[in-house]
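> Sequence and computational prediction follow.
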Amino acid sequence: MKALRISVFLILAIGFAQCSEDAQLHDCIDKSKINLDAACITLYEPVCGCDGKTYGNECNAINSGVTSFTQGACDEKN
């Protein structure tokens, strides 16, 4: 019985953690600001978007709907 309670708790905890990550990603991209037809300069000054993706520059990130980013490429996780 105790093992069943622990299993249920772990399943619920993992489920809530996944929902939280999905909500953060959803808040990170503003679909109304996506403009893939916009022209950006080809200057490579990478930024790391809140979605964990590296964009070539601020213009590329903004036109992809990214709501926040930091200077520099994202850390690669292999």
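Right, received. Where do you want to start? Numbering: from 1, shown residues only.
> Does Gly52 touch Cys74 like I think?
Yes: applying Cβ atoms under 8 Å, one finds Gly52 in contact with Cys74, separated by 5.6 Å. Yep, even glycine has a C-beta here, placed from its N, CA and C like the rest.
> Neighbour count for these two, which is higher?
Higher neighbour count among Gly52 and Cys74: Cys74, with 16 against 11, using other Cβ atoms under 10 Å.
> tell me the contacts of the nearest residue to that one once chain neighbours are set aside?
Take Cys74 and drop its neighbours on the chain: the residue closest to it by Cβ to Cβ, 6 or more residues apart in numbering is Cys48, 3.9 Å away. Shown in contact with Cys48 (Cβ atoms under 8 Å, 6 or more residues apart in numbering): Thr54, Tyr55, Phe69, Thr70, Gln71, Gly72, Ala73, Cys74, Asp75.
> Poorly predicted segments of this structure, please.
The model of the chain has pLDDT under 70 over residues 1, 3-26, 77-78.
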